[in-house]
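Visitor: can you look at this prediction? I've put the sequence above it.
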Amino acid sequence: MQRDRASAALGMTVQVDEPGRAVVSMVVRDDMLNGFSITHGGMMFSLADTAFALACNEDDRVTVAAGADITFLKSTTAGQTLTATAVRRVISGRTGLYDVTVTDETGDAVAEFRGRSVITNRA
């Protein structure tokens, strides 16, 4: 995470980073809004993706996303704090499946993300 310039630029804060589980938060800024003055979906995806990346990189092996899907449940706007909680569901061979719930500051779910990981041969 120390080398993740994109997450740092978005102001993400890691609250939990343990094998198979991560919690990351971000305050929505004005420059993260779309033309309807709600949080751009890409910003919410980025938050969930960062929590996913932390949860699936649980040892020295480099693990990357093989794919991911997101469902937006509730809109948010500037000033709100979003929190993404990623949890490993299963690892089978070199692949993994992770679920990430994004909530707002009231605890309401605003998005559900499912990520599929693959362990690479990179060092």
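Guide: Nice, thanks for sending it over. Numbers count the residues shown, from 1 in each chain.
Visitor: and the residue nearest the centre of the chain, what does it touch?
Guide: By C-alpha atoms, centre = their mean, the chain has its centre lying nearest to residue 48, at 1.8 Å. Going by C-beta atoms under 8 Å, 6 or more residues apart in numbering, residue 48 touches 68, 70, 84, 86, 100, 102, 111, 113, 115. In this view, the C-beta of every residue, glycine as well, is placed from N, C-alpha and C.
Visitor: so residue 28 sits against residue 75, correct?
Guide: No: using C-beta atoms under 8 Å, residue 28 is not in contact with residue 75, being 10.6 Å away.
Visitor: more neighbours, these two?
Guide: Taking other C-beta atoms under 10 Å, residue 28 and residue 75 do not tie; residue 28 has more neighbours (23 against 15).
Visitor: for the protein, longest helix please?
Guide: Of all segments of type helix in the chain, defined using DSSP state H, the longest is helix 41-56.
Visitor: helix or strand next in line after it, which one?
Guide: Heading C-terminal from helix 41-56, the first helix or strand you meet, by DSSP states H and E, is strand 63-72.
Visitor: run the chain-centre distance for that next one.
Guide: When distances are taken as C-alpha atoms, centre = their mean, to the nearest Å, strand 63-72 is centred 9 Å away from the chain's centroid.
Visitor: ok, back up a step: with secondary structure and neighbour count added, can I get the contacts of residue 48 in TSV?
Guide: As requested, those are exported to TSV (DSSP: H, G, I helix; E, B strand; the rest coil; neighbours: other C-beta atoms under 10 Å):
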residue	secondary structure	neighbour count
68	strand	16
70	strand	18
84	strand	29
86	strand	27
100	strand	26
102	strand	29
111	strand	23
113	strand	23
115	strand	25
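Visitor: and those, which is closest to residue 57?
Guide: For the contacts of residue 48, the minimum distance to residue 57 (C-beta to C-beta) is 10.9 Å, reached by residue 86.
Visitor: any idea what that closest one is bridged to?
Guide: Beta-bridge partners of residue 86, counted by DSSP bridges, are residue 22, residue 100.
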